[in-house]
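Peer 1: The sequence isn't on hand, but the structure is:
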């Protein structure tokens, strides 16, 4: 791979690469995103590749097989798209590959049965599907299109063009100013203005000359969120480009990519992307002949949720246990090795090249005032279309969950949406229709009434936070007491233990919820729990502890009745809390197959083949195995 | 991916003798040996120049390090929020029963180690279980039992 010496060289290379493309060359893109991988997408990609390798395809031009990042529509995986035919196949299994090869690649026809269909309509291309139509992909534009392991693909898609523009046409001050004016806010959850962070670091560095560092926070610890994973795996060069531009603005020569160890693929893709960028002269000494030096290294996280907190990342990079420290001083003042440091979330960095390319005015035109640009959400849980969506900030909650997400299967509406992970809250359906100032409704999902808008400030008004972008949809079978308890358990384990309110407070709160889940406690205990939660909010050292009570406090605020049902009536309305439910087999639906009796770990299900089986309630531990294995859905919660 | 160096010396050679590399060395040793033995921990401390107490604090703070030998195959049941809602906890319990161990433990024949993790980022296909490097989406206890037998 030849080094690119200057910006003219970058344009020439891009032109040469684009001209070498055969527009008629069929390209098969197999989604290797997180969701599809979990459904065995690798086997599908291998089947296509072996068909090409063994020259089994009778076509004039042999197709190119690309493994790409996440296409977004995870519930329909494995996803395969074909160009230039512009076909989009869903739920592709390895055994379907032969038919796609024979029908689409050899004869140019469509395999109808693999098209996405909904409500009787069939969709040939992705752009026609409502799930995609309402989205506005900017950050994810290349994810699912390019091969993340080939820098040439990124270059052809416009990668590093903004960097070239910045290095030749803009001063560091102009870059800084542009980020400030764009109104970009941190995508990791806090929503802190990025430009302000950069400005402070730059000022501090000027007063106190020496090295400055930039860090990408890829410790995406919030459960239920995989936006950053998809960006890192699907378009690593965009993050790298954003960081080089940031480093140029701040005068940093060294940067760090801090990636969760649970994301081995993201680490792998980054390491290849870094090597290729270095070989091309886009990282290292004298980038594109500008005289600016910058390099990046990858640091793997070692498994600690608290390491998403910026001072904990710094501790971890310095080789210590990831315990946060008090702020101020902020990392922009005293960060890594005591030097000014800018830490931004992966998605925030990925926004930077776009802002430089099209300008701050264009960016503020996206989204709503105070929450500009687009945001990526992982729409998961009890929703029909699970996956990754990118929409302008300020979209209405209804358009997001019910429009793009397609609503809750089998129920008229969702019960609640959990946003912001363990630091966020639970927003009930009823709040959907409260008025907020800003709205964006994609044309197809015009709402009858004004609806709550999804942006940093409106979300905060509900007591939740927007957070990193995890949107976990809950339905009537999900218990809020159980979910609140789940988050407390999570945080109690992840609390680093440095400060007392968090260390002991979480234990105390969990104790309350454990008792509630068993149907014990009194209504006064709910008040005591709220007051203990407030003590954590007021007294904890870092964001983990301060935000930890959010799921509990919001769930009490909006679902106090459900708490009372547990405590007073000793019932779990959702049928989740184990001590308050029992399983029974519906005589009407049981077909007497006996699978439940076979799998029951307590051997407490009795019956004869082809006759009704019954559960012995005394011995039953309510493990739910019978319900999981029953092919007739005859096991019901009472 | 990088080929795994199999002896401690070649791992240590990759790292300058500075405290900031403690976590990197520990990660490589964990990957190569499946755990960090007391002898290795002592030699790592010598190399990067930190007291054993600090290395101990780091090795016990982060969840990816183990100070006891781990099994040949790692089973990680995801307990992220979505997996929790879709029955991840039941799956974890079923694995415990099937393998006869509790989470965090290793089977007597050193074949399997069972752990729960907090979100592997494949939420759309919940519940998810990671067996070694493979993600198994929409997992059920019957599909897992098959997977255990296959390994």
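Peer 2: Arrived safely. Being a predicted model, the structure only gives us computed values, none of them experimental.

Peer 1: Quick check: closest non-adjacent residue to the most centrally placed residue in chain B.
Peer 2: When Cα atoms, centre = their mean is applied to chain B, the residue found nearest the centroid is residue B:64 (5.3 Å). If the residues on either side of it in the chain are set aside, residue B:64 comes closest to residue A:303, at 3.8 Å by Cβ to Cβ, 6 or more residues apart in numbering or on different chains. Where C-beta positions appear, they are placed from N, C-alpha and C, glycine not excepted.

Peer 1: Need the per-residue pLDDT for residue B:72.
Peer 2: pLDDT recorded at residue B:72 is 90.

Peer 1: now swap in residue A:552 and tell me
Peer 2: Looking at residue A:552, its pLDDT is 96.

Peer 1: I'd guessed it sits against residue A:508; true?
Peer 2: No - assessed by Cβ atoms under 8 Å, residue A:552 is found out of contact with residue A:508, at 11.5 Å.

Peer 1: who has more neighbours, the two?
Peer 2: More neighbours surround residue A:552 than the other of residue A:552 and residue A:508, with 29 against 17 (other Cβ atoms under 10 Å in any protein chain shown).

Peer 1: dump the residue contacts of that one.
Peer 2: Shown in contact with residue A:552 (Cβ atoms under 8 Å, 6 or more residues apart in numbering or on different chains): A:484, A:487-488, A:509, A:513, A:529, A:533.

Peer 1: Repeat the analysis, applying 6 Å as the threshold.
Peer 2: Residue A:552 makes contacts with A:484, A:533, as judged by Cβ atoms under 6 Å, 6 or more residues apart in numbering or on different chains.

Peer 1: Quick one: residues contacting residue A:586.
Peer 2: With contacts defined as Cβ under 6 Å, 6+ apart, residue A:586 is in contact with A:634, A:636.

Peer 1: and the gap between it and residue A:525?
Peer 2: Separation of residue A:586 from residue A:525 (Cβ to Cβ, to the nearest Å): 36 Å.

Peer 1: how about the residue nearest to the centre of chain B, what does it touch?
Peer 2: Residue B:64 sits next to A:261, A:302-303 when contact means Cβ under 6 Å, 6+ apart.

Peer 1: which bits of the stretch 51-200 of chain A sit near chain B?
Peer 2: The stretch 51-200 of chain A comes close to chain B at residues residue A:74, as judged by Cβ under 6 Å from any Cβ of the partner chain.

Peer 1: how about the helices of chain B, start to end?
Peer 2: With helices called from DSSP state H, chain B shows them at B:8-13, B:22-33, B:38-48, B:52-61, B:81-85, B:88-99, B:141-150.

Peer 1: Pipe those helices into a markdown table and attach distance to residue B:117 and mean neighbour count per row.
Peer 2: Compiled in a markdown table, those are given as follows (distance: least, Cβ to Cβ, whole Å; neighbours: other Cβ atoms under 10 Å in any protein chain shown):
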| stretch | distance to residue B:117 | mean neighbour count |
| --- | --- | --- |
| helix B:8-13 | 25 | 16 |
| helix B:22-33 | 15 | 21 |
| helix B:38-48 | 24 | 16 |
| helix B:52-61 | 16 | 17 |
| helix B:81-85 | 9 | 29 |
| helix B:88-99 | 10 | 20 |
| helix B:141-150 | 15 | 14 |
